[in-house]
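Colleague: sequence first, then the predicted structure, then my questions.
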Amino acid sequence: GALVTATDLPELLGNLQHNVLQNTKLKCKHQPRVKELSWGIDLEKNFPRSSCHFDYIMAADVVYHHPFLDELLLTFDHLCNNDTVILWAMKFRLDKENQFVERFQTLFDLEVISNFPSLNITLYKAMRKGRME
């Protein structure tokens, strides 16, 4: 029954749309929307704060060795309202990931939900600072 928006880079939207249809056609109340999301780019145009509200943001393995960590943090900040919950699975590979988590915690409270040490993966729950329940 949830309203779902799946996002990816513009050049990957066709593949995402195909996968969403394969996994949801005639199986859910609301067909998921597929939208372009390039971190840090056209956020207000594509996801206006006045009309976009996400109860949950699910992110899997979005922090790795790439030059867009500032844009990722800006995107999390833009998409989250005070009551948005981020569920985030992260694989730790390099020290850069630790630095991102520290920067992330300047804006968001972070709670470890589960740890998988043998895989170097942590599952987090996050909300805007001061909003964690």
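Modeller: Sure, I can see it.
Colleague: what sits up against the helix or strand of the chain with the lowest mean pLDDT?
Modeller: Using mean pLDDT, DSSP states H and E, helix 95-104 stands out as the lowest-scoring helix or strand of the chain, at a mean of 80. Outside helix 95-104, the residues that touch it by Cβ atoms under 8 Å, 6 or more residues apart in numbering are Val63, Tyr64, His65, Leu69, Leu72, Leu73, Phe76, Met90, Lys91, Phe92, Leu110, Ala126. Every C-beta, even on glycine, is put in place using the N, C-alpha and C of the backbone.
Colleague: closest to His53 out of those residues?
Modeller: Here the nearest of those to His53, counting by Cβ to Cβ, is Phe76; it sits at 14.9 Å.
Colleague: what is the burial count for that closest one?
Modeller: When neighbours are defined as other Cβ atoms under 10 Å, Phe76 has 21 of them.
Colleague: now do Leu37
Modeller: 19.
Colleague: spatially nearest residue to it, not counting backbone neighbours?
Modeller: Distances taken as Cβ to Cβ, 6 or more residues apart in numbering put Thr7 closest to Leu37, at 3.5 Å, once the chain neighbours are dropped.
Colleague: same check, this time on Ile57
Modeller: Spatial nearest neighbour of Ile57, excluding adjacent residues (Cβ to Cβ, 6+ apart): Ile86 at 4.8 Å.
Colleague: kindly report the same for Cys80.
Modeller: Arg128 (6.0 Å).
Colleague: measure that neighbour to Phe104 for me?
Modeller: Arg128 is 11 Å from Phe104, where distance means Cβ to Cβ, to the nearest Å.
Colleague: more neighbours, the two?
Modeller: Phe104 (21 against 18).
Colleague: does the residue nearest to Ile57 count as helix, strand or coil?
Modeller: Secondary structure, DSSP: H, G, I helix; E, B strand; the rest coil: Ile86 is strand.
Colleague: got a pLDDT number for it?
Modeller: Predicted confidence (pLDDT) for Ile86: 96.
Colleague: isn't it right up against Asp77?
Modeller: No: using Cβ atoms under 8 Å, Ile86 makes no contact with Asp77, being 10.8 Å away.
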